[in-house]
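Enquirer: I would like the atomic coordinates for the input below:
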Amino acid sequence: MIVEMPQTTVSKVGKRIQELRDKGGVVSLGRVLTLVVETDFENLEAAVSCANGASRLHPSRIIVLAQSPNGDEGPRLDAEIRVGGDAGASEVIILRAKGEVLSNKESLVTGLLLPDAPVVAWWPSESPENPYGTEIGQIATRRITDSANEVRPMDYLQSLARNYQPGDGDMAWTRITLWRSQLTALMDQHQNRKCLSAEVIGAADSPSAHLLAGWLRLNLGVPVALAETLEGERVTGIAGVRIEFDSGALEMIRKNQVAYIAQPDAPDSSVLLPPRSDLDSLIEDMRFLGEDRGYAQVLLGEYC
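Expert: Next up, the predicted model:
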C-alpha cells in the first residue's frame, strides 16, 4: 500500500502513520532500528530498493530524505508512506523536500524516528565530507558513506580520515570483506615464511583497492604496491593480490566471480569471490552498530 501526501508537514505524516498503525496497516513492533537515507530524486528508487532488501535481515523503519536538485524552488514537502508489499519487511517514509524546507533536515526526521531504537544514516549517492558533522549524522549511531560514488575517491578518503568519528563506515571497505577473510585464511598457512612485499592488482580510482592495500600494509608490515593492469589489460575494481615470500609467492587472481589461488607447497585451487553489491554491503554495515576498528586503523593509518 502506498499513501501519497502532497504538500504536507512532518507532523501530518506522523499522524498518518499513527492512523495506519491503529488500523493494523503498519506494525512497528519488531523493528530494530531506523534507517535514514539521504539522497536525491534521481537515486531515490534505487536507494529504496536496496534499503528494502536490507530490511529483510534488519527489520527497520526507513526514512528517505530526498532533496530536489533545483535549489531555487520554493519550499515544499511531499511525502509518501509505503507499507505491506510495497515496503519489503519494513515501513518506508519518503520525504521529497524542496527549497527552504531543507534548511533544518534534523527536524524533518526526528519526529518520525522509532523511539528507543538506534539510528543508521546512509548516503547512497553523494556523501558528506564530514558525516558526523551533518544534521543527520548527529542523530545517527552508525554513518555509512560510499567513496566509490565520489568524483575524487582518494581525496574523499582523506576527508573521511580527517573527520573520522567512531561509528563512521564506508562501503568501499565493506566491499573487501571477502578479500580480507580469504587472504587471512591463506596467510595462516604461511606463518613460517618471511613476507617480503605485496601487490594489489586494482584500478587507481578504486577506493576499495587502496583500502585493501592499506590493510595488507598494516597487517604484513611490508611495502604494498598497486598495479593497474593484469595480463596487459587495465582492470576495474580489484582483480587480484600477490604476496611475495622468501620461498615463493601467494597469488589470488579473480576472473569473473571466481578467484584462482596459487601458493607454495599447495595445489592450485579456486574459490567463489563475486563482487559485492550495494545490498550486500548495506546488510553487513547494518549488522554491527559499534565502531569498526579495523576500518578506522586502516583509514587513519593511510590518510592521516
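Enquirer: in stretch 260-272, which residues are buried?
Expert: Along stretch 260-272, the positions that meet the burial threshold by neighbour count (16 or more other Cβ atoms under 10 Å) are 261, 263. Placement of C-beta: from N, CA and C, glycine included.
Enquirer: start the count at 25 instead of 1 going forward.
Expert: From this message on, residue numbering opens at 25, which makes the last subject stretch 284-296.
Enquirer: okay, that stretch in CSV with CA atoms only?
Expert: What follows is stretch 284-296 as a C-alpha-only set of coordinates in CSV (Å, rounded to 0.1, in the frame of the first residue of the first chain):
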residue,chain,number,x,y,z
TYR,A,284,42.1,-18.7,-8.6
ILE,A,285,44.7,-19.4,-5.9
ALA,A,286,48.3,-20.4,-6.3
GLN,A,287,50.6,-20.8,-3.3
PRO,A,288,53.8,-22.5,-2.3
ASP,A,289,53.7,-26.2,-1.3
ALA,A,290,50.0,-26.5,-2.1
PRO,A,291,47.9,-27.4,-5.1
ASP,A,292,46.2,-24.7,-7.1
SER,A,293,42.6,-24.0,-6.0
SER,A,294,39.7,-21.7,-6.6
VAL,A,295,37.0,-20.0,-4.5
LEU,A,296,33.9,-18.2,-5.3
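Enquirer: what mean pLDDT does it have?
Expert: Per-residue confidence for stretch 284-296 averages out to 95 on the pLDDT scale.
Enquirer: stretch 74-83 too?
Expert: Regarding stretch 74-83, the rounded mean pLDDT is 90.
Enquirer: other residues contacting stretch 264-283?
Expert: Counting by Cβ atoms under 8 Å, 6 or more residues apart in numbering, the neighbours of stretch 264-283 from elsewhere in the structure are 203, 206-207, 210-211, 214, 217-225, 236, 240, 244, 254, 262-263, 284-289, 294-299.
Enquirer: run the last query once more with 6 Å
Expert: For stretch 264-283, contacts defined as Cβ atoms under 6 Å, 6 or more residues apart in numbering pick out 217-225, 263, 284-288, 294-295, 297-298.
Enquirer: show me what V248 is bridged to.
Expert: With beta bridges defined as DSSP bridges, V248 has these partners: A222.
Enquirer: then S84?
Expert: On the basis of DSSP bridges, S84 takes part in beta bridges with L57.
Enquirer: that one and V144: what is the separation?
Expert: Counting by Cβ to Cβ, to the nearest Å, the gap from S84 to V144 is 8 Å.
Enquirer: how about M178?
Expert: Here M178 is placed at a distance of 26 Å from V144 (Cβ to Cβ).
Enquirer: more crowded one of these two?
Expert: Neighbour tally, M178 and V144, criterion other Cβ atoms under 10 Å: the higher count belongs to V144, 26 against 15.
Enquirer: show the pLDDT at the closest residue to the more buried one other than its chain neighbours.
Expert: When the adjacent residues along the chain are set aside, V144 lies closest to R166, with 4.5 Å between them (Cβ to Cβ, 6 or more residues apart in numbering). R166 is assigned a predicted lDDT (pLDDT) of 97.
Enquirer: could you do G109 as well?
Expert: Per-residue confidence at G109 stands at 64 (pLDDT).
Enquirer: check N94 too.
Expert: The predicted structure lists N94 with a pLDDT of 66.
Enquirer: kindly report the same for V51.
Expert: According to the predicted model, the pLDDT of V51 comes to 53.
Enquirer: hang on, the earlier thing: keep only those of the contacts of stretch 264-283 that are in strands.
Expert: Using DSSP state E, the members of those that fall in strands are 219-225, 263, 284-287, 294-295.
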